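K.L.:
Following is a predicted model, sequence given first.
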Amino acid sequence: MLRRLLVFIPLLIFFVMGIFLWRGLQLDPSELPSALIDKPMPSFSLSSVYDENTRLSEQQLKGKPALLNVWATWCPTCKQEHEQLNRIAREEGVTIYGINYKDDRAKAQDWLTRYEDPYVLNIYDDKGTLGLDLGVYGAPETYILDKDGIIRYRHVGEVNEKVWVKLRGLMQELEESGS
């Protein structure tokens, strides 16, 4: 009797794991949870990509809803999304702040000259300290900030046209609510 029961245990384990894995396939990997949603931008004082003597802080990211994009020259997906970010900034007038993540300053400056610069401000995070405070998994990641510098949304991965439609809707909600 016990032997017959032991035969069904692997089948039961397989069934439970199958349900668990099937559930995982339903999740969107670009929507990773963040402990910082509805919290202010972490405090920081880092230099600009363009000038190591110019200090930037979280205070400069306030005033109106904006995108905060984590990017790097070593990131192939960042290059894919860069044209879309330029279009968003140029054609739709969206404020975009950049965080150049664990990169070389000269390469970042060259990149922005070659591919255009959609960023109002570009923070140089060569050691990844701000990225660590934000919980960045890797580039690219994009956050929506409200006018008070509160993080309202996080997107992991490329901002393409489909993603932009969603982000634009979230930003419009912020503007309509006065946040």
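P.N.:
Noted; the coordinates are in hand. Numbers count the residues shown, from 1 in each chain.

K.L.:
contacts and neighbour counts: CA atoms only from here.
P.N.:
Noted.

K.L.:
This protein: strands as residue ranges?
P.N.:
39-40, 45-47, 55-57, 66-71, 96-101, 121-125, 141-145, 150-156 (DSSP state E).

K.L.:
any chance of those strands in a markdown table, with mean pLDDT and distance to Ile88 too?
P.N.:
Listed next are these as a markdown table, based on pLDDT from 0 to 100; distance: least, Cα to Cα, whole Å:
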| stretch | mean pLDDT | distance to Ile88 |
| --- | --- | --- |
| strand 39-40 | 97 | 24 |
| strand 45-47 | 98 | 25 |
| strand 55-57 | 98 | 23 |
| strand 66-71 | 98 | 10 |
| strand 96-101 | 98 | 9 |
| strand 121-125 | 98 | 15 |
| strand 141-145 | 97 | 13 |
| strand 150-156 | 96 | 16 |
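
K.L.:
Show me the shaky parts of this structure.
P.N.:
Scanning the chain for pLDDT under 70 picks out 1-34, 179.

K.L.:
one step back: mind putting the strands of the chain in a markdown table, mean neighbour count included?
P.N.:
Below are those laid out as a markdown table (neighbours: other Cα atoms under 10 Å):
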| stretch | mean neighbour count |
| --- | --- |
| strand 39-40 | 14 |
| strand 45-47 | 18 |
| strand 55-57 | 16 |
| strand 66-71 | 24 |
| strand 96-101 | 25 |
| strand 121-125 | 24 |
| strand 141-145 | 24 |
| strand 150-156 | 22 |
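
K.L.:
Any idea which of those strands gets closest to Glu175?
P.N.:
Relative to Glu175, the nearest member of the strands of the chain by Cα to Cα is strand 66-71, separated by 10.2 Å.

K.L.:
Extract the C-alpha trace of the closest one and format it as CSV.
P.N.:
What follows is strand 66-71, C-alpha atoms only, in CSV (Å, rounded to 0.1, in the frame of the first residue of the first chain):
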residue,chain,number,x,y,z
ALA,A,66,9.0,63.5,-16.2
LEU,A,67,10.6,60.3,-17.3
LEU,A,68,13.8,59.2,-15.7
ASN,A,69,15.7,56.9,-18.0
VAL,A,70,18.7,54.7,-16.8
TRP,A,71,21.0,54.1,-19.8
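
K.L.:
who does that strand touch, helix- and strand-wise?
P.N.:
With contacts taken as 3 or more Cα pairs under 8 Å, 6 or more residues apart in numbering; DSSP states H and E, strand 66-71 sits against strand 96-101, strand 141-145.

K.L.:
how about those in TSV, adding distance to Pro65?
P.N.:
TSV is the format used below for these (distance: least, Cα to Cα, whole Å):
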stretch	distance to Pro65
strand 96-101	9
strand 141-145	5
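
K.L.:
just so I know, which of those strands lies nearest Trp71?
P.N.:
Taking those one by one with Cα to Cα, strand 96-101 is closest: 5.2 Å.

K.L.:
Now do the closest one against strand 121-125, angle only.
P.N.:
Here the directions of strand 96-101 and strand 121-125 differ by 20 degrees (axes from the mean of the first three to the mean of the last three Cα atoms, to 10 degrees).
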